[in-house]
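Participant: quick check, what structure comes out for this input:
(one chain, ligands or ions: 2)
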Amino acid sequence: MARHGKSDSRVPTVIVDDVHIVYRVHGAGSGKGSATSALSRIISKKRSPSIREVHAVRGISFTAYKGEAVGLIGSNGSGKSTMLAAIAGLLPTERGGIYTNGQPSLLGVNAALMNDLTGDRNVILGCLAMGMSPEEVKSRYQEIVDFSGINEKGDFISLPMRTYSSGMAARLRFSIAAAKTHEVLLIDEALATGDQKFQKRSEARIRELRGEAGTVFLVSHNNNAIRDTCERTIWIEKGELIMDGLTDEVVKEYEKANRA
Ligand SMILES: Nc1ncnc2c1ncn2[C@@H]1O[C@H](COP(=O)(O)OP(=O)(O)OP(=O)(O)O)[C@@H](O)[C@H]1O
Ligand SMILES: [Mg+2]
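Facilitator: Ligands and ions are numbered 1, 2, ... in the order given. Now for the predicted structure:
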């Protein structure tokens with residue numbers, strides 16, 4: 001979709017070309033997943049009779065550009081998380097292709113935190129895992145802890161992650177991931193668990209990351225977060241693209257469709 005009339009100077013970072021994604025669920029159906037039924041299948045050399053296919057994404061195409069923050073909206077099960085995982089390279093496409101310029105990072109997966117380690121060990125490991133040098137980690141450490149606000153209510157950063165509330169864990173995850181400039185940053189509702197103050201702070205950081213020339217995708221059911229963060233939004237339903245355009249217009253149509 002043509003936007004802003006400056007298409008010549010824009011650098012594409014993610015191209016999604018007629019993508020189809022199918023999940024295969026093994027052992028769906030009553031009793032078929034039991035050990036005895038599996039054994040009898042092995043003995044009789046019959047294929048599992050119960051592979052169910054879920055066609056989660058059905059022919060979606062779009063191009064995202066450098067410097068863009070793109071919102072992804074749609075009702076539960078419409079295929080948003082599936083789309084992000086596929087862009088991150090974590091799911092194969094059944095048909096079509098996904099081309100990315102730069103390394104995509106899916107927030108929450110790349111920064112897989114360890115529950116038994118303390119917050120500060122997780123910050124250090126997470127940063128090293130994202131490719132920072134030990135010196136860089138040392139210089140960014142305090143900034144990350146401060147941004148997360150984990151220590152606002154006491155010395156929590158030296159406690160194991162399993163003692164954190166889900167919101168605190170999400171905040172730390174976001175803070176680690178956001179410490180690096182990502183070429184393509186994929187965020188799946190990561191902001192939803194933080195409290196209002198943290199949400200504002202992370203929205204500001206997303207704007208910064210976008211300014212640092214990355215591309216940001218944000219999946220959220222919070223339309224205001226989408227409005228505040230993204231100028232472009234893609235609306236998908238049942239794995240199909242319904243609308244792709246300026247956030248204000250797309251969210252307005254989405255809200256209209258969901259009012260009934
Ligand atoms: N691992 C899986 N195996 C099988 N089917 C799956 C799997 N993950 C998702 N699906 C199915 O794929 C479809 C799209 O799911 P997806 O998680 O992408 O939706 P979503 O838009 O992220 O929804 P939500 O807003 O609830 O997070 C749904 O029908 C869902 O049941
Ligand atoms: Mg989802």
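Participant: every contact and neighbour count from this point should use C-alpha atoms.
Facilitator: Fine.
Participant: need the helices for the chain, in chain order.
Facilitator: In the chain, the helices defined using DSSP state H lie at 35-44, 80-87, 119-129, 134-148, 166-178, 196-211, 223-229, 247-259.
Participant: mean pLDDT, mean neighbour count and distance to ligand 1 added to those helices, as CSV?
Facilitator: Below are the helices of the chain laid out as CSV (pLDDT from 0 to 100; neighbours: other C-alpha atoms under 10 Å; distance: least, C-alpha to the nearest ligand atom, whole Å):
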stretch, mean pLDDT, mean neighbour count, distance to ligand 1
helix 35-44, 77, 12, 20
helix 80-87, 94, 22, 4
helix 119-129, 91, 20, 25
helix 134-148, 94, 16, 24
helix 166-178, 87, 22, 16
helix 196-211, 85, 17, 19
helix 223-229, 90, 18, 13
helix 247-259, 96, 14, 14
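Participant: columns distance to Leu107 on top of these, output as TSV?
Facilitator: Output for those, formatted as TSV (distance: least, C-alpha to C-alpha, whole Å):
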stretch	distance to Leu107
helix 35-44	36
helix 80-87	10
helix 119-129	12
helix 134-148	15
helix 166-178	6
helix 196-211	12
helix 223-229	16
helix 247-259	22
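Participant: to Glu53, which of those helices lies closest?
Facilitator: helix 80-87 (14.3 Å; C-alpha to C-alpha).
Participant: what does that closest one contact?
Facilitator: Here helix 80-87 makes contact (C-alpha atoms under 8 Å, 6 or more residues apart in numbering) with 14, 21, 56-57, 72-74, 91-93, 98, 100, 104, 106, 186, 188, 219, 236.
Participant: check stretch 149-167 too.
Facilitator: By C-alpha under 8 Å, 6+ apart, stretch 149-167 touches 113-120, 145, 168-169, 171-172, 193-195.
Participant: then stretch 215-234?
Facilitator: By C-alpha under 8 Å, 6+ apart, stretch 215-234 touches 13, 64-74, 80-81, 182-189, 192, 203-204, 206-207, 209-210, 241-248, 250-251.
Participant: got the residues of the stretch 1-150 of the chain near ligand 1?
Facilitator: For the stretch 1-150 of the chain, the residues in contact with ligand 1 (C-alpha under 6 Å from any ligand atom) are 23, 25, 54, 56, 75-82.
Participant: which ones among the residues you listed map onto strands?
Facilitator: Using DSSP state E to define strands, the subset of these located there is 23, 25, 54, 56.
Participant: just flag the most distant two among those.
Facilitator: Pairwise distances among those were taken by C-alpha to C-alpha; the largest, 12.1 Å, belongs to Val25 and Ala56.
Participant: how much space separates Asp244 from Ser50?
Facilitator: Distance of Asp244 to Ser50, computed by C-alpha to C-alpha, to the nearest Å: 37 Å.
Participant: more crowded one of the two?
Facilitator: Asp244 (19 against 15; other C-alpha atoms under 10 Å).
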